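In: Mind looking at a prediction? Sequence and model below.
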Amino acid sequence: MARRKFATLKSFLNYIGVEGDRTIFTWVSASEGDRFAQVIKGVTAKVRALGPANKLVKKFG
Amino acid sequence: MENIETKLREEAKRLLLEKKVDVIIGYEKGTLPLTATPCFVTTPEEADNLVWNHLCTQNPVKFVHDLITQHKNAQKRVKPEDRKKKVIGVVARGCATRSLIIQLQERQYERADVYIIGVPCEGYVDGKALKSAIGGVDITEGSIDGDQIKMKTSDGDKAVALKDVLAASCRTCRFNNPIISDTMVGSPAAAMNPDAEYNEVKEFEGKTVEERWAYYSKEMEKCIRCNACRQACPSCYCPTCFAEQSQPQWVGIGEDKTDTQVFQLMRLYHMVGRCVDCGSCVAVCPMGVDLRKFLKKIDKDGWELFGNRAGSSMDDMPPLGKYDEHHDKEDFVFNP
Ligand code: SF4
Ligand code: SF4
(Lines give C-alpha, C1' and ligand atoms only; values in the text may rest on other atoms or scores of the structure.)
(Ligands and ions follow the chains in the order given, each with its own letter.)
Protein backbone atom coordinates (compact mmCIF):
# COMPACT_ATOMS: atom_id res chain seq x y z
CA MET A 1 0.00 0.00 0.00
CA ALA A 2 1.41 3.31 -1.13
CA ARG A 3 0.49 5.16 2.05
CA ARG A 4 2.43 2.75 4.18
CA LYS A 5 5.43 3.23 1.93
CA PHE A 6 5.13 6.99 2.39
CA ALA A 7 4.95 6.68 6.15
CA THR A 8 7.97 4.41 6.41
CA LEU A 9 10.06 6.28 3.84
CA LYS A 10 9.50 9.59 5.59
CA SER A 11 10.40 8.06 8.91
CA PHE A 12 13.49 6.33 7.54
CA LEU A 13 14.82 9.38 5.72
CA ASN A 14 14.42 11.37 8.90
CA TYR A 15 16.26 8.66 10.81
CA ILE A 16 19.28 8.77 8.52
CA GLY A 17 19.37 12.55 8.83
CA VAL A 18 17.28 13.96 5.98
CA GLU A 19 14.94 16.36 7.78
CA GLY A 20 11.36 15.09 8.03
CA ASP A 21 10.04 18.39 6.63
CA ARG A 22 11.67 17.64 3.30
CA THR A 23 9.55 14.56 2.73
CA ILE A 24 6.01 15.77 2.46
CA PHE A 25 2.94 13.84 1.38
CA THR A 26 -0.63 14.76 1.03
CA TRP A 27 -3.66 14.10 -1.12
CA VAL A 28 -4.97 16.74 -3.47
CA SER A 29 -7.60 16.27 -6.12
CA ALA A 30 -7.30 17.99 -9.50
CA SER A 31 -10.53 19.82 -8.73
CA GLU A 32 -9.21 21.31 -5.50
CA GLY A 33 -7.38 24.30 -6.96
CA ASP A 34 -7.45 26.33 -3.80
CA ARG A 35 -6.23 23.52 -1.62
CA PHE A 36 -3.48 22.78 -4.12
CA ALA A 37 -2.21 26.35 -3.79
CA GLN A 38 -2.31 26.03 0.00
CA VAL A 39 -0.30 22.83 -0.10
CA ILE A 40 2.37 24.28 -2.35
CA LYS A 41 2.64 27.36 -0.16
CA GLY A 42 2.97 25.19 2.91
CA VAL A 43 5.62 22.98 1.33
CA THR A 44 7.71 25.88 0.04
CA ALA A 45 7.55 27.57 3.43
CA LYS A 46 8.77 24.42 5.18
CA VAL A 47 11.55 23.80 2.71
CA ARG A 48 12.64 27.44 2.66
CA ALA A 49 12.96 27.35 6.43
CA LEU A 50 15.36 24.43 6.11
CA GLY A 51 17.55 26.04 3.46
CA PRO A 52 19.21 24.38 0.47
CA ALA A 53 19.24 20.59 0.33
CA ASN A 54 22.76 19.22 0.20
CA LYS A 55 22.24 15.68 1.40
CA LEU A 56 21.89 12.86 -1.11
CA VAL A 57 22.73 15.36 -3.84
CA LYS A 58 25.24 14.13 -6.39
CA LYS A 59 27.77 16.68 -7.59
CA PHE A 60 29.17 16.32 -11.09
CA GLY A 61 32.54 17.56 -12.22
CA MET B 1 25.06 -28.89 20.86
CA GLU B 2 26.93 -32.17 20.28
CA ASN B 3 23.71 -34.00 20.83
CA ILE B 4 21.83 -31.83 18.35
CA GLU B 5 24.56 -32.41 15.81
CA THR B 6 24.23 -36.21 16.09
CA LYS B 7 20.47 -36.02 15.77
CA LEU B 8 20.78 -33.62 12.86
CA ARG B 9 23.04 -36.02 10.97
CA GLU B 10 20.69 -38.95 11.63
CA GLU B 11 17.72 -36.94 10.47
CA ALA B 12 19.56 -35.76 7.36
CA LYS B 13 20.56 -39.34 6.51
CA ARG B 14 17.02 -40.56 6.93
CA LEU B 15 15.60 -37.82 4.72
CA LEU B 16 18.13 -38.49 1.98
CA LEU B 17 17.68 -42.26 2.15
CA GLU B 18 13.91 -41.99 2.07
CA LYS B 19 14.29 -39.54 -0.83
CA LYS B 20 12.21 -36.95 0.99
CA VAL B 21 14.75 -34.33 -0.08
CA ASP B 22 17.20 -34.02 -2.97
CA VAL B 23 19.66 -31.83 -1.16
CA ILE B 24 20.09 -30.48 2.34
CA ILE B 25 21.53 -27.04 2.89
CA GLY B 26 23.33 -26.96 6.20
CA TYR B 27 26.70 -26.10 7.63
CA GLU B 28 30.03 -27.90 7.70
CA LYS B 29 33.32 -27.13 9.40
CA GLY B 30 35.00 -24.17 7.73
CA THR B 31 38.52 -24.12 6.36
CA LEU B 32 39.64 -21.47 8.83
CA PRO B 33 39.69 -22.15 12.56
CA LEU B 34 36.47 -21.30 14.40
CA THR B 35 34.33 -21.05 11.31
CA ALA B 36 31.50 -23.03 9.78
CA THR B 37 30.47 -22.66 6.20
CA PRO B 38 27.24 -23.41 4.35
CA CYS B 39 27.27 -26.76 2.56
CA PHE B 40 25.08 -28.79 0.26
CA VAL B 41 24.56 -32.40 1.25
CA THR B 42 23.24 -34.77 -1.40
CA THR B 43 24.25 -38.23 -0.16
CA PRO B 44 23.70 -39.97 3.21
CA GLU B 45 27.49 -40.30 3.65
CA GLU B 46 28.00 -36.56 3.35
CA ALA B 47 25.47 -36.02 6.11
CA ASP B 48 28.26 -36.77 8.58
CA ASN B 49 29.85 -33.47 7.61
CA LEU B 50 26.96 -31.50 9.01
CA VAL B 51 27.60 -29.37 12.07
CA TRP B 52 25.39 -27.22 14.25
CA ASN B 53 27.16 -24.86 16.62
CA HIS B 54 27.83 -21.23 17.53
CA LEU B 55 29.88 -20.76 14.39
CA CYS B 56 27.06 -21.27 11.91
CA THR B 57 26.64 -17.73 10.73
CA GLN B 58 25.13 -17.24 7.28
CA ASN B 59 21.43 -17.41 6.63
CA PRO B 60 21.02 -20.56 4.47
CA VAL B 61 17.72 -19.42 3.01
CA LYS B 62 19.63 -17.36 0.48
CA PHE B 63 20.67 -20.67 -1.08
CA VAL B 64 17.17 -22.12 -0.91
CA HIS B 65 16.05 -19.39 -3.25
CA ASP B 66 19.12 -19.80 -5.45
CA LEU B 67 18.67 -23.57 -5.83
CA ILE B 68 14.96 -23.39 -6.51
CA THR B 69 15.39 -20.64 -9.10
CA GLN B 70 18.19 -22.57 -10.74
CA HIS B 71 16.09 -25.73 -10.85
CA LYS B 72 13.06 -23.93 -12.25
CA ASN B 73 15.15 -22.37 -14.98
CA ALA B 74 16.78 -25.68 -15.86
CA GLN B 75 13.35 -27.33 -16.08
CA LYS B 76 12.20 -24.80 -18.64
CA ARG B 77 14.35 -26.58 -21.20
CA VAL B 78 12.81 -29.96 -20.39
CA LYS B 79 9.64 -31.36 -21.96
CA PRO B 80 6.71 -30.88 -19.55
CA GLU B 81 6.21 -34.66 -19.11
CA ASP B 82 9.87 -35.12 -18.20
CA ARG B 83 10.04 -32.36 -15.62
CA LYS B 84 11.30 -33.39 -12.22
CA LYS B 85 10.35 -32.11 -8.85
CA LYS B 86 13.11 -31.17 -6.48
CA VAL B 87 12.78 -30.76 -2.75
CA ILE B 88 15.30 -28.61 -0.94
CA GLY B 89 16.00 -29.49 2.66
CA VAL B 90 17.32 -26.74 4.87
CA VAL B 91 18.71 -26.62 8.37
CA ALA B 92 16.89 -23.61 9.75
CA ARG B 93 16.90 -21.74 13.03
CA GLY B 94 14.44 -19.00 13.97
CA CYS B 95 15.69 -16.24 11.70
CA ALA B 96 16.07 -18.60 8.76
CA THR B 97 12.48 -19.79 9.14
CA ARG B 98 11.39 -16.15 9.10
CA SER B 99 13.21 -15.73 5.79
CA LEU B 100 11.48 -18.83 4.46
CA ILE B 101 8.12 -17.38 5.50
CA ILE B 102 8.94 -14.16 3.66
CA GLN B 103 9.94 -15.96 0.48
CA LEU B 104 6.83 -18.15 0.71
CA GLN B 105 4.55 -15.17 1.28
CA GLU B 106 6.17 -13.48 -1.66
CA ARG B 107 5.25 -16.56 -3.71
CA GLN B 108 8.78 -17.46 -4.66
CA TYR B 109 8.03 -21.17 -4.40
CA GLU B 110 5.57 -23.58 -2.87
CA ARG B 111 5.69 -24.85 0.70
CA ALA B 112 6.18 -28.41 -0.66
CA ASP B 113 9.38 -27.34 -2.45
CA VAL B 114 11.18 -27.04 0.88
CA TYR B 115 11.67 -29.40 3.77
CA ILE B 116 12.54 -27.51 6.93
CA ILE B 117 14.75 -29.15 9.51
CA GLY B 118 14.26 -26.85 12.48
CA VAL B 119 17.08 -26.33 14.95
CA PRO B 120 17.11 -24.33 18.19
CA CYS B 121 19.65 -21.49 18.27
CA GLU B 122 21.61 -19.89 21.06
CA GLY B 123 23.32 -17.33 18.89
CA TYR B 124 26.38 -17.26 16.69
CA VAL B 125 29.79 -15.74 17.18
CA ASP B 126 30.44 -12.38 15.57
CA GLY B 127 33.79 -13.01 13.88
CA LYS B 128 34.76 -9.34 13.92
CA ALA B 129 33.96 -8.99 17.63
CA LEU B 130 36.00 -12.11 18.38
CA LYS B 131 38.94 -10.81 16.42
CA SER B 132 38.89 -7.48 18.21
CA ALA B 133 38.44 -9.17 21.62
CA ILE B 134 41.82 -10.85 21.13
CA GLY B 135 43.52 -7.74 19.85
CA GLY B 136 43.33 -8.57 16.15
CA VAL B 137 45.88 -11.41 16.25
CA ASP B 138 45.55 -14.45 13.98
CA ILE B 139 43.80 -17.55 15.28
CA THR B 140 45.58 -20.76 14.39
CA GLU B 141 43.36 -23.21 16.26
CA GLY B 142 40.21 -22.88 18.27
CA SER B 143 37.32 -24.67 19.88
CA ILE B 144 34.24 -23.85 21.88
CA ASP B 145 34.27 -25.39 25.31
CA GLY B 146 31.01 -24.77 27.15
CA ASP B 147 30.66 -21.02 27.49
CA GLN B 148 34.30 -20.32 26.62
CA ILE B 149 36.06 -20.00 23.28
CA LYS B 150 39.60 -21.31 23.56
CA MET B 151 42.14 -20.36 20.95
CA LYS B 152 45.75 -20.78 19.98
CA THR B 153 46.85 -17.56 18.35
CA SER B 154 49.95 -15.95 16.92
CA ASP B 155 50.16 -14.28 20.34
CA GLY B 156 49.83 -17.39 22.53
CA ASP B 157 46.77 -19.06 24.07
CA LYS B 158 43.66 -17.01 24.59
CA ALA B 159 40.16 -17.52 25.95
CA VAL B 160 37.07 -15.39 25.49
CA ALA B 161 33.61 -15.79 27.03
CA LEU B 162 31.16 -16.87 24.35
CA LYS B 163 28.48 -14.46 25.53
CA ASP B 164 30.81 -11.50 25.03
CA VAL B 165 31.26 -12.13 21.34
CA LEU B 166 27.78 -13.22 20.26
CA ALA B 167 26.43 -11.25 17.30
CA ALA B 168 24.32 -8.21 18.18
CA SER B 169 21.35 -9.69 16.31
CA CYS B 170 21.51 -12.83 18.43
CA ARG B 171 21.75 -11.15 21.82
CA THR B 172 18.38 -9.51 21.45
CA CYS B 173 16.76 -12.14 19.23
CA ARG B 174 13.06 -12.72 19.75
CA PHE B 175 12.76 -15.73 17.47
CA ASN B 176 15.67 -18.06 18.19
CA ASN B 177 13.49 -21.13 17.75
CA PRO B 178 11.99 -22.11 14.40
CA ILE B 179 8.58 -20.67 13.60
CA ILE B 180 7.72 -23.28 10.99
CA SER B 181 9.33 -26.66 10.41
CA ASP B 182 8.72 -30.13 9.02
CA THR B 183 10.85 -31.81 11.61
CA MET B 184 12.54 -30.52 14.73
CA VAL B 185 15.94 -31.51 16.00
CA GLY B 186 16.73 -30.84 19.65
CA SER B 187 14.58 -29.12 22.26
CA PRO B 188 13.74 -25.41 22.17
CA ALA B 189 16.51 -23.02 23.17
CA ALA B 190 16.18 -20.61 26.07
CA ALA B 191 15.01 -17.09 25.30
CA MET B 192 17.53 -14.38 24.50
CA ASN B 193 16.95 -10.75 25.51
CA PRO B 194 14.39 -9.29 23.09
CA ASP B 195 13.38 -6.48 25.44
CA ALA B 196 16.60 -4.70 24.59
CA GLU B 197 16.21 -5.05 20.83
CA TYR B 198 15.50 -1.41 20.07
CA ASN B 199 17.82 0.20 22.63
CA GLU B 200 20.38 1.23 20.06
CA VAL B 201 17.74 2.57 17.70
CA LYS B 202 16.12 4.58 20.46
CA GLU B 203 19.44 6.07 21.40
CA PHE B 204 20.10 7.01 17.77
CA GLU B 205 16.64 8.54 17.40
CA GLY B 206 17.51 10.79 20.33
CA LYS B 207 20.38 12.40 18.45
CA THR B 208 19.98 15.56 16.36
CA VAL B 209 19.26 15.29 12.68
CA GLU B 210 22.77 16.55 11.86
CA GLU B 211 24.37 13.97 14.15
CA ARG B 212 22.34 11.25 12.49
CA TRP B 213 23.33 12.41 9.03
CA ALA B 214 26.97 12.61 10.10
CA TYR B 215 26.81 9.00 11.27
CA TYR B 216 25.02 7.75 8.18
CA SER B 217 27.51 9.43 5.86
CA LYS B 218 30.49 8.29 7.90
CA GLU B 219 29.33 4.67 7.88
CA MET B 220 28.47 4.69 4.18
CA GLU B 221 31.81 6.23 3.33
CA LYS B 222 33.40 2.96 4.44
CA CYS B 223 31.35 1.01 1.91
CA ILE B 224 33.27 -0.21 -1.14
CA ARG B 225 30.16 -1.33 -3.06
CA CYS B 226 31.25 -4.95 -3.07
CA ASN B 227 27.57 -5.99 -2.79
CA ALA B 228 28.38 -8.78 -0.35
CA CYS B 229 25.54 -7.59 1.89
CA ARG B 230 23.08 -7.95 -0.93
CA GLN B 231 24.46 -11.32 -1.99
CA ALA B 232 24.13 -12.68 1.54
CA CYS B 233 20.61 -11.43 2.13
CA PRO B 234 17.74 -13.90 1.63
CA SER B 235 15.37 -11.01 1.00
CA CYS B 236 17.57 -9.69 -1.83
CA TYR B 237 16.69 -12.12 -4.59
CA CYS B 238 15.72 -9.94 -7.56
CA PRO B 239 17.18 -11.38 -10.78
CA THR B 240 18.36 -7.88 -11.67
CA CYS B 241 19.08 -5.63 -8.74
CA PHE B 242 18.13 -1.94 -9.07
CA ALA B 243 21.78 -1.21 -8.38
CA GLU B 244 22.76 -2.76 -11.69
CA GLN B 245 19.90 -1.69 -13.89
CA SER B 246 20.96 0.61 -16.67
CA GLN B 247 17.62 1.55 -18.19
CA PRO B 248 16.88 3.55 -16.19
CA GLN B 249 19.98 3.77 -14.08
CA TRP B 250 18.62 4.35 -10.59
CA VAL B 251 21.99 4.81 -8.98
CA GLY B 252 25.59 5.13 -10.20
CA ILE B 253 27.82 2.12 -9.67
CA GLY B 254 31.03 4.04 -9.08
CA GLU B 255 32.68 5.26 -5.93
CA ASP B 256 30.84 8.57 -5.72
CA LYS B 257 29.83 8.95 -2.10
CA THR B 258 26.31 10.12 -2.87
CA ASP B 259 25.77 7.09 -5.09
CA THR B 260 26.82 4.88 -2.21
CA GLN B 261 24.50 6.66 0.19
CA VAL B 262 21.64 6.25 -2.27
CA PHE B 263 22.46 2.60 -2.97
CA GLN B 264 22.42 1.87 0.74
CA LEU B 265 19.28 3.89 1.32
CA MET B 266 17.48 1.93 -1.37
CA ARG B 267 18.68 -1.48 -0.26
CA LEU B 268 17.86 -0.72 3.36
CA TYR B 269 14.48 0.70 2.50
CA HIS B 270 13.61 -2.40 0.47
CA MET B 271 13.76 -4.27 3.76
CA VAL B 272 10.54 -2.84 5.19
CA GLY B 273 8.68 -5.89 6.46
CA ARG B 274 11.42 -8.10 5.00
CA CYS B 275 14.49 -7.90 7.23
CA VAL B 276 14.62 -10.68 9.80
CA ASP B 277 17.72 -9.37 11.58
CA CYS B 278 19.65 -12.52 10.74
CA GLY B 279 22.80 -10.40 10.65
CA SER B 280 24.17 -12.10 7.53
CA CYS B 281 24.79 -8.82 5.75
CA VAL B 282 26.62 -7.45 8.77
CA ALA B 283 28.68 -10.62 9.08
CA VAL B 284 29.87 -10.58 5.46
CA CYS B 285 30.61 -6.87 5.18
CA PRO B 286 34.38 -6.57 4.77
CA MET B 287 34.36 -2.93 5.84
CA GLY B 288 32.36 -3.26 9.04
CA VAL B 289 29.58 -0.89 7.96
CA ASP B 290 27.01 -0.55 10.75
CA LEU B 291 24.07 -1.73 8.68
CA ARG B 292 22.15 -3.02 11.65
CA LYS B 293 21.70 0.44 13.15
CA PHE B 294 19.53 1.25 10.13
CA LEU B 295 17.89 -2.11 9.53
CA LYS B 296 16.68 -2.27 13.10
CA LYS B 297 14.91 1.05 12.65
CA ILE B 298 13.02 -0.39 9.72
CA ASP B 299 12.03 -3.34 11.87
CA LYS B 300 10.97 -1.00 14.69
CA ASP B 301 8.79 1.08 12.37
CA GLY B 302 7.18 -2.07 10.98
CA TRP B 303 6.27 -3.07 14.50
CA GLU B 304 5.24 0.31 15.84
CA LEU B 305 3.34 1.53 12.81
CA PHE B 306 1.81 -1.70 11.54
CA GLY B 307 2.22 -4.26 14.33
CA ASN B 308 4.28 -6.47 12.03
CA ARG B 309 7.48 -8.35 12.67
CA ALA B 310 8.88 -9.58 9.38
CA GLY B 311 8.23 -13.23 8.70
CA SER B 312 7.00 -13.93 12.21
CA SER B 313 3.89 -15.78 11.07
CA MET B 314 2.62 -17.45 7.91
CA ASP B 315 -0.73 -15.72 8.41
CA ASP B 316 0.52 -12.19 8.90
CA MET B 317 0.93 -10.96 5.35
CA PRO B 318 3.67 -8.46 4.42
CA PRO B 319 2.90 -5.04 5.90
CA LEU B 320 3.38 -3.11 2.66
CA GLY B 321 0.82 -5.29 0.93
CA LYS B 322 -2.12 -4.15 3.02
CA TYR B 323 -3.63 -1.29 4.94
CA ASP B 324 -5.58 -1.09 8.16
CA GLU B 325 -8.01 1.78 8.03
CA HIS B 326 -8.74 1.69 11.76
CA HIS B 327 -5.24 1.57 13.13
CA ASP B 328 -2.91 3.14 10.57
CA LYS B 329 -1.85 6.60 11.67
CA GLU B 330 -2.40 9.66 9.50
CA ASP B 331 0.28 11.82 11.05
CA PHE B 332 2.66 11.57 8.11
CA VAL B 333 0.14 13.31 5.85
CA PHE B 334 0.66 17.03 5.37
CA ASN B 335 -2.50 19.07 5.87
CA PRO B 336 -1.89 22.78 5.46
S1 SF4 C 1 19.11 -7.14 5.48
FE2 SF4 C 1 20.75 -8.29 6.54
S3 SF4 C 1 19.88 -8.84 8.56
FE4 SF4 C 1 18.16 -8.25 7.21
S5 SF4 C 1 17.43 -10.18 6.30
FE6 SF4 C 1 18.95 -9.30 4.87
S7 SF4 C 1 20.92 -10.25 5.46
FE8 SF4 C 1 19.48 -10.58 7.17
S1 SF4 D 1 29.05 -5.64 2.27
FE2 SF4 D 1 29.71 -3.71 3.24
S3 SF4 D 1 31.24 -2.83 1.84
FE4 SF4 D 1 30.14 -4.42 0.69
S5 SF4 D 1 28.48 -3.29 -0.37
FE6 SF4 D 1 27.62 -4.05 1.58
S7 SF4 D 1 27.94 -2.37 3.05
FE8 SF4 D 1 29.27 -1.97 1.27
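Out: Looks like it arrived, so ask away. Ligands and ions are numbered 1, 2, ... in the order given.

In: Can you check the pLDDT for the residue in chain A positioned nearest to ligand 2?
Out: Residue nearest to ligand 2 within chain A (CB to the nearest ligand atom): A:Ile16, separated by 14.1 Å. Heads up, the C-betas are built off the backbone N, CA and C, glycines and all. Model confidence at A:Ile16, given as pLDDT, is 97.

In: For the closest residue to it other than its chain neighbours, give me its contacts.
Out: Nearest residue to A:Ile16, sequence neighbours excluded (CB to CB, 6 or more residues apart in numbering or on different chains): B:Tyr216, at 4.3 Å. Counting by CB atoms under 8 Å, 6 or more residues apart in numbering or on different chains, B:Tyr216 touches A:16-17, B:261, B:294.

In: With neighbour count and distance to B:Gly26 added, can I get those residues in a markdown table?
Out: Listed next are these as a markdown table, based on neighbours: other CB atoms under 10 Å in any protein chain shown; distance: CB to CB, whole Å:
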| residue | neighbour count | distance to B:Gly26 |
| --- | --- | --- |
| A:Ile16 | 25 | 37 |
| A:Gly17 | 19 | 41 |
| B:Gln261 | 24 | 37 |
| B:Phe294 | 25 | 30 |
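
In: Can you lay out those residues as TSV showing secondary structure?
Out: TSV is the format used below for the contacts of B:Tyr216 (DSSP: H, G, I helix; E, B strand; the rest coil):
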residue	secondary structure
A:Ile16	helix
A:Gly17	coil
B:Gln261	helix
B:Phe294	helix
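
In: What mean pLDDT does the helix or strand hosting A:Ile40 get?
Out: A:Ile40 belongs to helix A:33-50 when assigned by DSSP states H and E. Mean per-residue pLDDT for helix A:33-50: 94.

In: Helices of chain B, start to end?
Out: Per DSSP state H, chain B carries helices over the ranges B:2-17, B:61-75, B:94-105, B:127-133, B:168-171, B:199-205, B:209-222, B:228-232, B:257-269, B:280-284, B:292-306.

In: burial measure for the closest residue to ligand 1 within the stretch 51-200 of chain B, as a count.
Out: Closest residue of the stretch 51-200 of chain B to ligand 1, CB to the nearest ligand atom: B:Asn59 (5.7 Å). B:Asn59: 26 surrounding residues under other CB atoms under 10 Å in any protein chain shown.

In: Could you list which residues are in contact with it?
Out: With CB under 8 Å, 6+ apart, B:Asn59 has these contacts: B:95-96, B:99, B:232-234, B:276, B:278, B:280.

In: again with B:Leu291
Out: B:229, B:264, B:268, B:281-282, B:285.

In: Pick the one among those residues closest to chain A.
Out: Closest approach to chain A among the contacts of B:Leu291 (CB to the nearest CB): B:Leu268, at 7.3 Å.

In: Give me the nearest residue to that closest one, chain neighbours excluded.
Out: B:Phe294 (5.0 Å).

In: got the contact list for B:Gly30?
Out: Residues in contact with B:Gly30 (CB under 8 Å, 6+ apart) are B:36-37, B:55.

In: hmm, back to that, using JSON lines, please lay out the helices of chain B together with distance to B:Met192 and mean pLDDT.
Out: As requested, the helices of chain B are exported to JSON lines (distance: least, CB to CB, whole Å; pLDDT from 0 to 100):
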{"stretch": "helix B:2-17", "distance to B:Met192": "17", "mean pLDDT": "93"}
{"stretch": "helix B:61-75", "distance to B:Met192": "20", "mean pLDDT": "97"}
{"stretch": "helix B:94-105", "distance to B:Met192": "10", "mean pLDDT": "98"}
{"stretch": "helix B:127-133", "distance to B:Met192": "16", "mean pLDDT": "95"}
{"stretch": "helix B:168-171", "distance to B:Met192": "6", "mean pLDDT": "97"}
{"stretch": "helix B:199-205", "distance to B:Met192": "14", "mean pLDDT": "97"}
{"stretch": "helix B:209-222", "distance to B:Met192": "25", "mean pLDDT": "97"}
{"stretch": "helix B:228-232", "distance to B:Met192": "22", "mean pLDDT": "97"}
{"stretch": "helix B:257-269", "distance to B:Met192": "24", "mean pLDDT": "96"}
{"stretch": "helix B:280-284", "distance to B:Met192": "17", "mean pLDDT": "97"}
{"stretch": "helix B:292-306", "distance to B:Met192": "15", "mean pLDDT": "97"}
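
In: Now render those helices as TSV, adding distance to A:Glu32.
Out: Below are these laid out as TSV (distance: least, CB to CB, whole Å):
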stretch	distance to A:Glu32
helix B:2-17	63
helix B:61-75	46
helix B:94-105	38
helix B:127-133	54
helix B:168-171	47
helix B:199-205	35
helix B:209-222	32
helix B:228-232	42
helix B:257-269	30
helix B:280-284	44
helix B:292-306	27
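
In: List, one by one, the residues from chain B near chain A.
Out: B:204-205, B:209-217, B:252, B:256, B:258-259, B:261-262, B:265, B:268-269, B:272, B:294, B:297-298, B:301-302, B:305-306, B:319-323, B:328-329, B:332-336 (CB under 8 Å from any CB of the partner chain).
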